[in-house]
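Novice: Sharing a sequence plus its predicted fold:
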Protein chains: 2
Amino acid sequence: MNTSHVQIIAQQSKIATKLLASSSESQRNLALSKMADSLESFKDKILEVNAQEVLTARQNGHSDALIKRLTIDDKVFKYMISRLRKVAQSPDPLNRVISGHTNPNGLQVYKKSVPLGVIGIIYESRPNVTTDAAAVCIKSGNSIILRGGSEALQTNILLADAMILGAIKAGLPEHAIQIIPTPGHEAVNELLAMDNYIDVLIPRGGKDLIKRIAEGTRIPVIKHYDGICHLYLAEDADPTQAVELAINSKCQSVQVCNALETLLVDKNCAEQLLPLLKTAFAAQHIELRGCEQTQKLIPDIDPATEDDWHSEYLAPILSIKIVNGIDEAIAHINHYGSGHTDGIVTQSLTMARQFEQQVDSASVLINASTRLSGGGDYGLGSVIGISTDKLHARGPVGPDELTTYKWVVYGDGHLRD
Amino acid sequence: MNTSHVQIIAQQSKIATKLLASSSESQRNLALSKMADSLESFKDKILEVNAQEVLTARQNGHSDALIKRLTIDDKVFKYMISRLRKVAQSPDPLNRVISGHTNPNGLQVYKKSVPLGVIGIIYESRPNVTTDAAAVCIKSGNSIILRGGSEALQTNILLADAMILGAIKAGLPEHAIQIIPTPGHEAVNELLAMDNYIDVLIPRGGKDLIKRIAEGTRIPVIKHYDGICHLYLAEDADPTQAVELAINSKCQSVQVCNALETLLVDKNCAEQLLPLLKTAFAAQHIELRGCEQTQKLIPDIDPATEDDWHSEYLAPILSIKIVNGIDEAIAHINHYGSGHTDGIVTQSLTMARQFEQQVDSASVLINASTRLSGGGDYGLGSVIGISTDKLHARGPVGPDELTTYKWVVYGDGHLRD
């Protein structure tokens, strides 16, 4: 691939935005349904190509974790299809009148939601990102340029081709969905330079990937950084609820961004709660690391260092800090947290309100597991990630977050005095 | 000023966000009213200090345009105060429940508007930006760091000090409003490095200033670039309306971002309209530059070059291009425009809808002057500029655009299965 190939793809995507912007809701929903149908008709071929790539990845000595992410089995395939069909049924994010009025002189003013334009998705080995991202982008009337990991390249090309065939059947432009068909860094670097054509980039993967992309482009980037999530057990926390919420937040799944990483325990309930927590976490095989005061109450605990407070373990490890009241808890969260998801366990309405207002995070939970933060329980349908940015999209990124708005004004020769 | 001074200001601003985030609407409105009162009580001193800076600027040989922007006379002062009082009366942008629901299991989910945090404003010589920006930031619960032009430094310090005294009287933290009290590039560069404390930067001034800031920082920047605004006269445009709208869009004020820069005339009405337009613009002393076809219909017109289509003149100059139908008009606007404000004159609903959907601009006007695009007619009260970005804030930037949102979840021990 030479430079011009990526540029042609980007230009074609931009041209496709014109028709997408005037497409109807029923046309886009039909496209999603046809994309699902088309994928199903290619199922055998997709699983065969994927199995070959999984084999190659094994031969190349890739980790079990990567192999697992790479693999599309019957169950994963079914899930991918179901997400497309679910997005088709979700509410239309476009052409919502966000606000509107008619001025005394008859000038009509509407603020309406519209597509962002061209969205580039740069991701690592999970091929389901290919279908999830395309679904959310088509739902929101954006054209999409896909750039997945090289281990899954042939799988991704096949997935994209099948979806394109479906989209065309519904009358969408063929360049609404495109994939960069070559591996290597060069194509990514070319993509990062396409600020004339691409409206937003969404990298999905490790912190290094996101950082490299955000710093290497003038295109706006929606970033999905760490989830360093906290739960603060206030002095009046119900002991049973506190332990259950801590365990569920940490253990329900340890490798996800909304899993608990640091538990903050109020000094006035630490003596009562820490022995209970120690026993409960031991039963779940979680390694505990504690601040100095925690070490006094759990004598055999490993010490937590400054690094621990900054860590997203994504592993069966939990750091514990005893804090002197809610103000110290909030200060710790706002300093060490990543603004992703943080919770409090309390029966006090005053503390709940203070925590809600002063914790500067995308999701703030009161008496609920951090694992509930995200698309499903928030009623968003399909999301392509959890943004840790504060501008534009914060928290779960679904079709609504892939829109912008425009001001539409209807007059009848209205002039400015 | 040494490095640590700017850093201390940034840290203090961040600390102030905690109290601002839990401030009430009435407290913030009281603060705006007290800020206006306080400015009024300092009026004599402000006008005296400003007159001294105007004198110095004259002695230093600055342009009349700069002197005009720098000067606060009775009328300007009254206007500045009136804006603060108007913002106080506008709707609260905070704590709006954007969406919300209760899940079948009783989990309550709210998406609420909240302040962005710390906003840095870097601007040139107009001291009214100092009061306008502070008003919009306090209204939206953000702390503000001001960095104005060196010619107005003492005026700006005095304005900021007066406002701080007012804000404190309403119980807001003293660091809610801060100003960098030293001139020079070094302080700006230090400010750009404060990505740990500042949530968004808004540069107000020329294209070079905005570009330098956007490229020199990792802090998100809301950009206010050019207004290369177009008006397309469709083949069925009412001739009288077409001429009136073209004249008003271009001539009502030529030095502003929503003034017309390029007029697109459909080939099917060019022969009829161009002579009328020529006469009308001649009466307004507007220099016309035309494409080849325009030159045939207006023989003595200067030719427009490729540069003209890219130009925001901000001057009594207008470029004219004859286009072959609405598709060419839309393609020209999306290629050469700056996504600021573009209009169509037509009686056709089909063309109006196509133009509305396919022109990729913050403001799209049908049969209305481009000069109507912006805060006042859009019902926004005070705005601090017109964003040409597509992400987060597009078009007029008022208090609403200086908010983000957070997901607030209330449960009673809710776990994830």
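Specialist: It's in.
Novice: gap between the nearest residue to residue A:287 once chain neighbours are set aside and chain B?
Specialist: Take residue A:287 and drop its neighbours on the chain: the residue closest to it by C-beta to C-beta, 6 or more residues apart in numbering or on different chains is residue A:317, 4.7 Å away. All C-beta atoms are positioned from the backbone trio N, CA, C, and that covers glycine. Separation of residue A:317 from chain B (C-beta to the nearest C-beta, to the nearest Å) stands at 20 Å.
Novice: Residue A:290 is in contact with residue A:317, correct?
Specialist: No. Using C-beta atoms under 8 Å, residue A:317 makes no contact with residue A:290, being 11.7 Å away.
Novice: Looking at those two, which is more packed in?
Specialist: A count of neighbours by other C-beta atoms under 10 Å in any protein chain shown puts residue A:290 above the other of residue A:317 and residue A:290, at 24 against 17.
Novice: Next, the contact list for that one, please.
Specialist: Neighbouring residues of residue A:290 by C-beta atoms under 8 Å, 6 or more residues apart in numbering or on different chains: A:298, A:301, A:302, A:303, A:304, A:319, A:320, A:321.
Novice: which ones among these are found in strands?
Specialist: With strands taken from DSSP state E, the overlap with the contacts of residue A:290 comprises A:302, A:303, A:319, A:320, A:321.
Novice: could you dump those to TSV with pLDDT?
Specialist: Shown next, in TSV, are the ones in strands among the contacts of residue A:290 (pLDDT from 0 to 100):
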residue	pLDDT
A:302	96
A:303	97
A:319	98
A:320	98
A:321	98
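Novice: Closest one of those residues to residue B:146?
Specialist: Proximity of the ones in strands among the contacts of residue A:290 to residue B:146 (C-beta to C-beta) peaks at residue A:321, which lies at 37.0 Å.
Novice: show me the contacts for that closest one.
Specialist: Residues counted as contacts of residue A:321 (C-beta under 8 Å, 6+ apart) are A:262, A:263, A:264, A:265, A:290, A:291, A:294, A:304, A:309, A:332.
Novice: Report the buried members of those.
Specialist: Buried members of the contacts of residue A:321, scored by 16 or more other C-beta atoms under 10 Å in any protein chain shown, are A:262, A:263, A:264, A:265, A:290, A:291, A:294, A:304, A:309, A:332.
Novice: List just the nearest of those to residue B:159.
Specialist: Proximity of the buried ones among the contacts of residue A:321 to residue B:159 (C-beta to C-beta) peaks at residue A:332, which lies at 36.9 Å.
Novice: Helices of the stretch 301-417 of chain A, residue ranges please.
Specialist: Here the stretch 301-417 of chain A has its helices, by DSSP state H, counting those that start in this stretch, at A:306-309, A:326-336, A:349-358.
Novice: Of all the ones you listed, which one is nearest chain B?
Specialist: Nearest of these to chain B, taken as C-beta to the nearest C-beta: helix A:349-358 at 4.1 Å.
Novice: rewinding a little: could the helices of the stretch 301-417 of chain A go into CSV alongside mean pLDDT and distance to chain B?
Specialist: Below are those laid out as CSV (pLDDT from 0 to 100; distance: least, C-beta to the nearest C-beta, whole Å):
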stretch, mean pLDDT, distance to chain B
helix A:306-309, 98, 15
helix A:326-336, 97, 7
helix A:349-358, 96, 4
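Novice: Of all those helices, which one is nearest residue A:58?
Specialist: Nearest to residue A:58, of these and by C-beta to C-beta, is helix A:306-309 at 34.1 Å.
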